[in-house]
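Enquirer: No sequence on hand, only this structure:
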């Protein structure tokens, strides 16, 4: 059984407002400075801090007392600015409208926050799902081209993981699927992953014993980008699932979403 709880803008104020509590979850609405609405989605193991009216950006992800995002991130979010967040949606069609609907979907062992933008040339519907007692969560995106012409699309689920010094990276892919690009960012780009596996898995193994994972279907995300860790660097170093090759995405109008076409994406990530 699924229970739907609609959340109106009036629920978000300077004082925390518990909008749901039950089945091992607590959801609290509040405001960051600058009138930025936020939701704290909490289970027994940790808390996801979401910005529903900023395309459901994940500001922070804390499990077992540890934040997963880069330590170099700023302390407070800013309006229309993805810098400093744990996860954001990049490469969306530029003319999708503002978020107008926010709601919870409560099930027996999971809770999902969903949002939807206003109808226009493009409608997006991001979601974040957290299971009870879990340190992993899912990031979803539905993109619907409602226009009568194709629109550019080079979607990437960008995650700003902290990279611990000495971390080891593993994946369920052959070495030939990864290609190191010789550039200042030292980016490792994948070949078309759907040629190798149906479900891609990337692991980051920290020296202290903590393990992190990112999984996604290669039929949705055919490519991935990794930034090679550098000495004394706190920059992003884990995988970024992408719907197209970074080289293709850099070419205007190279990848298009057909008129009336809908695409769905889902990434599962977090601690093992």
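Expert: Received the coordinates, thanks. This structure is a prediction, so every number in the text was calculated from the model and none was measured.

Enquirer: Following the chain onward from the strand or helix carrying residue 37, which element is next?
Expert: For residue 37, the host element (DSSP states H and E) is strand 36-42. Moving toward the C-terminus from strand 36-42, the next helix or strand (DSSP H and E) is strand 46-51.

Enquirer: could you say what helices and strands that following strand packs with?
Expert: strand 36-42, strand 57-63, strand 122-131 (3 or more C-beta pairs under 8 Å, 6 or more residues apart in numbering; DSSP states H and E). (Glycine included, C-beta is placed from N, CA and C.)

Enquirer: Look up how far residue 4 lies from residue 29.
Expert: From residue 29 across to residue 4, the span is 16 Å (C-beta to C-beta, to the nearest Å).

Enquirer: repeat for residue 124
Expert: 19 Å.

Enquirer: quick one: which of these two has more around it?
Expert: Ranked by neighbour count (other C-beta atoms under 10 Å), residue 124 and residue 4 place residue 124 first, with 20 against 9.

Enquirer: one step back: of the helices and strands packed on strand 46-51, give the one that comes closest to residue 171.
Expert: Closest of these to residue 171 is strand 57-63, at 21.0 Å (criterion: C-beta to C-beta).

Enquirer: can you pull out the helices in the stretch 151-272 of the chain?
Expert: Shown for the stretch 151-272 of the chain, the helices assigned by DSSP state H, counting those that start in this stretch span residues 246-249.

Enquirer: What segments of it are strands?
Expert: Per DSSP state E, counting those that start in this stretch, the stretch 151-272 of the chain carries strands over the ranges 151-152, 156-159, 168-171, 178-180, 187-190, 199-205, 211-217, 223-227, 239-242, 256-257, 262-271.

Enquirer: Let me know which of the ones you listed is the nearest to residue 64.
Expert: Short answer: strand 262-271, nearest of the strands of the stretch 151-272 of the chain by C-beta to C-beta, at 7.1 Å.

Enquirer: Which other helices and strands does the closest one contact?
Expert: strand 57-63, strand 136-145, strand 156-159, strand 211-217.

Enquirer: Make CSV from those and add mean pLDDT to it.
Expert: Formatted as CSV, the helices and strands packed on strand 262-271 follow (pLDDT from 0 to 100):
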stretch, mean pLDDT
strand 57-63, 97
strand 136-145, 97
strand 156-159, 95
strand 211-217, 97
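
Enquirer: Dump these into CSV; add distance to residue 98 as well.
Expert: Shown next, in CSV, are the helices and strands packed on strand 262-271 (distance: least, C-beta to C-beta, whole Å):
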stretch, distance to residue 98
strand 57-63, 14
strand 136-145, 15
strand 156-159, 20
strand 211-217, 27
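
Enquirer: What is the neighbour count of residue 253?
Expert: With other C-beta under 10 Å as criterion, residue 253 counts 8.

Enquirer: ok, and the closest non-adjacent residue to it?
Expert: residue 152 (5.5 Å; C-beta to C-beta, 6 or more residues apart in numbering).

Enquirer: Could you list everything that neighbour pairs with in the sheet?
Expert: residue 256 (DSSP bridges).

Enquirer: Cross-check the contact I'm expecting between it and residue 252.
Expert: Yes - counting by C-beta atoms under 8 Å, residue 152 touches residue 252, with 7.1 Å between them.

Enquirer: Give me the more crowded residue out of the two.
Expert: Per other C-beta under 10 Å, whichever of residue 152 and residue 252 has more neighbours is residue 152, with 16 against 7.
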